[in-house]
Structure formats: structure tokens, C-alpha cells
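**Student:** Turn this into a model:
(one chain, ligands or ions: 1)
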Amino acid sequence: MSKPVLEVSDLRVSFAHPLGVVRAVDGVSFSLASGERLGLAGESGCGKSTMALAILRMIRPPGRIDGGSVRLDGEELSGLDEEAMRRLRLAGIALVPQGSMNSLNPVMRIGQQIEDALADHDLSLSRAALDARIADLLSTVGLRPTVARMYPHELSGGMKQRACIAIAICLRPRVIIADEPTSALDVVVQRQVMETLARVQKDLGAAVILVGHDMGLMAQFVDRLGIMYAGRLVEVAPVGEMVTAPRHPYTRALISSLPSLEHRGGLQGIPGLAPLLRDLPPGCAFHPRCPLAFERCRREPPTLQAVGENAVVACHLAEAGA
Ligand code: SF4
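**Tutor:** Numbering: from 1, shown residues only. All right, here's what the predicted structure looks like:
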């Protein structure tokens with residue numbers, strides 16, 4: 001694997017709640033190689049979006065980052081002041097946030113919104129150079145230059161999402177974090193948006209973290225997949241390996257719950273509900289739902305262990321080589 005562009009180590013985020021502390025991200029570590037596409041999947045509330053925000057230090061009270069390290073090209077970000085972090089967002093790491101197409105300013109033309117993002121990072125260009133840059137960014141995401149003069153309500157959902165990607169890449173970031181970039185789009189438009197993201201990522205040579213719960217979509221787009229459960233990473237592996245031979249029982253359950261053309265019939269769900277993050281069961285957080293749980297699982301939390309050449313799994317059975 002090439003040199004990591006992003007290294008996340010023991011990242012922890014909690015939220016104060018009247019009934020107790022909610023540990024939304026609990027000791028997550030992973031690295032991302034330059035140009036790599038990593039998917040982060042798991043059920044709603046497993047902490048994946050919170051982790052994306054924590055990487056950018058965008059957690060707001062009552063949430064807080066309790067500790068851990070985030071390094072971009074070897075530079076530690078946790079010690080940077082707010083102004084340095086503001087400059088790094090978009091220029092170093094860009095976020096395409098969840099529901100981003102609805103975050104476009106409805107009373108501002110698309111071109112002006114891109115211009116604002118550039119101006120916010122002190123990029124002063126002549127009017128002609130600015131117009132050319134905006135047209136170039138729009139064409140990179142497959143939009144006509146005339147879109148610069150349009151308002152968000154004049155665009156379809158897919159076009160709005162592409163405009164958001166254009167804003168995210170306007171300063172050529174080294175890492176793009178896309179949080180559910182295709183939710184609320186139909187499947188055809190989803191594919192078009194993902195193809196746009198893939199093309200843009202390749203052109204920039206940027207690495208991508210794709211956050212989502214659509215395992216089918218992930219499998220088509222990412223190189224490696226990380227599965228989160230109850231605020232922790234439970235398995236990370238190359239996507240082909242994960243889909244054909246998942247090691248963690250939760251990953252297996254997620255994959256068996258996908259619809260398949262070969263095996264028609266009733267869909268297989270995952271029994272039980274995800275636990276409350278402020279009241280996790282002892283031992284392995286998945287044990288109340290795990291068909292393979294045994295005595296040790298109820299008292300001792302498993303830690304991520306390397307299995308094979310490129311995978312890590314947090315399960316006592318994987319440790320035992322089962
Ligand atoms: Fe299941 Fe035990 Fe593995 Fe947890 S550690 S996933 S309960 S077998």
C-alpha cells in the first residue's frame with residue numbers, strides 16, 4: 001500500500017445526555033492511502049457520520065472529541081487552532097455532508113456559491129480567471145457552464161449533488177469525505193453521481209472516504225470497506241474479500257441481508273436492535289444479536305486483530321482462527 005495520506009488513531013467522540021454519556025465513536029483507528037477509496041458502513045447510529053465530522057473537528061456541543069489523533073500527510077491536526085483548521089477544510093480535506101444538496105443556499109446562484117468557497121480561502125483571481133475556474137469545476141462534475149447562473153431550485157437532485165461535489169473539490173483537496181452522497185436520489189441518478197465522484201477523485205488523485213449504509217453501492221465503488229458497530233470498527237478488509245468471505249458475524253449478517261438475484265425469496269434481516277450507545281452491553285457489543293456468541297463474548301470486548309494480509313477483525317472467533 002502507498003504512503004498513508006490520512007491516519008486516524010484511537011479517535012473518541014462522546015455526547016453529554018441527561019441519562020448518561022453517549023460514546024458515539026469509541027477508539028476508531030484506520031489509515032487511508034493516497035488515491036484509495038475506503039467505505040465506512042453500518043446501521044444508522046453506529047457512529048460513522050460522527051466520525052467523519054470528528055476528522056474535520058466539526059463536532060458541536062453537546063458533543064466533544066475526547067481524544068485520539070488525526071494526521072494528514074503526517075501533520076497532526078488535533079493541535080491546530082480553529083483558523084488553521086478552517087483553512088484546511090476544503091483545501092486539505094473536503095466534506096460532502098449528508099443531505100448536502102439541501103444545504104445549498106436557495107437564494108444564491110451556484111457560481112456565486114463556488115466563488116464564496118474560493119474567496120473564503122483567500123483565493124483572489126481576476127473575474128475572467130474566476131469564471132473560467134467555475135466553468136472548469138462545473139464541467140469536471142458533468143455540468144454545463146450555464147449552471148453557474150442558475151439557482152438550486154432550477155436543478156434536479158442529481159445536478160444539485162454534483163454542484164456540491166464541485167464546491168467540495170474547488171481547492172483540490174487530498175481527501176474527500178462523502179457522507180451518504182446519494183441518499184434521496186433514485187438508483188439511476190445514484191450511479192451517475194457515484195461515477196462523477198469516482199472520475200473527480202481519479203483526476204485529483206484524492207483519497208475518498210465514502211460513508212453510507214448501502215453495501216451494494218459501496219461494493220461497486222470502494223477498494224476497502226470498514227464496518228462500524230456501536231461506535232467501533234469491527235472489520236476492515238479489501239472489498240472483494242469482505243463481500244465473498246466476511247469474517248465478523250455482523251458483517252456476515254449485513255451481507256446476507258442484501259437482496260440477491262441468485263437466491264430469490266424472503267430477505268434475511270439482522271435479529272434484534274442496535275444497542276443504545278449510552279447503555280452498551282458488557283463484552284462484545286454485538287453479543288445479544290450474535291448467533292455465535294459464547295461465554296467470553298459476554299464479558300470481554302474483542303479488539304481489532306490482523307487476520308490475513310490486509311484485514312483486521314474484532315471478534316473472539318476470528319482471533320481463535322475459527
Ligand atoms: Fe459474536 Fe463473540 Fe465475535 Fe462478538 S466476539 S461477534 S459476540 S462471536
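
**Student:** what sits against residue 249?
**Tutor:** Applying Cβ atoms under 8 Å, 6 or more residues apart in numbering to residue 249 gives the contacts 286, 290, 291, 292, 315, 317. (C-beta placed from N, C-alpha, C; glycine too.)

**Student:** Reformat the residues you listed as CSV; add secondary structure and pLDDT.
**Tutor:** Output for these, formatted as CSV (DSSP: H, G, I helix; E, B strand; the rest coil; pLDDT from 0 to 100):
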residue, secondary structure, pLDDT
286, coil, 97
290, coil, 96
291, coil, 94
292, coil, 96
315, coil, 97
317, helix, 94
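
**Student:** List buried residues within these.
**Tutor:** 286, 290, 315, 317 (16 or more other Cβ atoms under 10 Å).

**Student:** I'd say the second one and residue 250 touch.
**Tutor:** Yes: between residue 290 and residue 250 there is a contact at 7.4 Å, judged by Cβ atoms under 8 Å.

**Student:** Wait, residue 184 touches residue 99, no?
**Tutor:** Yes: Residue 184 is within contact range of residue 99, at 7.4 Å (criterion: Cβ under 8 Å).

**Student:** what's the distance between the residue of the stretch 51-200 of the chain found nearest the ligand and residue 82?
**Tutor:** Ranked by Cβ to the nearest ligand atom, the top residue of the stretch 51-200 of the chain for proximity to the ligand is residue 51, at 20.4 Å. Distance, residue 51 to residue 82, using Cβ to Cβ, to the nearest Å: 20 Å.

**Student:** Who has more neighbours out of these two?
**Tutor:** More crowded of residue 51 and residue 82, by other Cβ atoms under 10 Å: residue 51, with 28 against 8.

**Student:** Which residue, neighbours along the chain excluded, lies closest to that one?
**Tutor:** residue 25 (4.8 Å; Cβ to Cβ, 6 or more residues apart in numbering).

**Student:** Which residues are in contact with residue 17?
**Tutor:** Residue 17 makes contact with 62, 278, according to Cβ under 8 Å, 6+ apart.

**Student:** try 10 Å this time
**Tutor:** Residue 17 makes contacts with 62, 276, 277, 278, as judged by Cβ atoms under 10 Å, 6 or more residues apart in numbering.

**Student:** for the ligand, what are the nearby residues on the stretch 201-322 of the chain?
**Tutor:** Counting by Cβ under 6 Å from any ligand atom, the residues of the stretch 201-322 of the chain close to the ligand are 248-249, 284, 286-287, 290, 292-293, 297, 302, 315-317.
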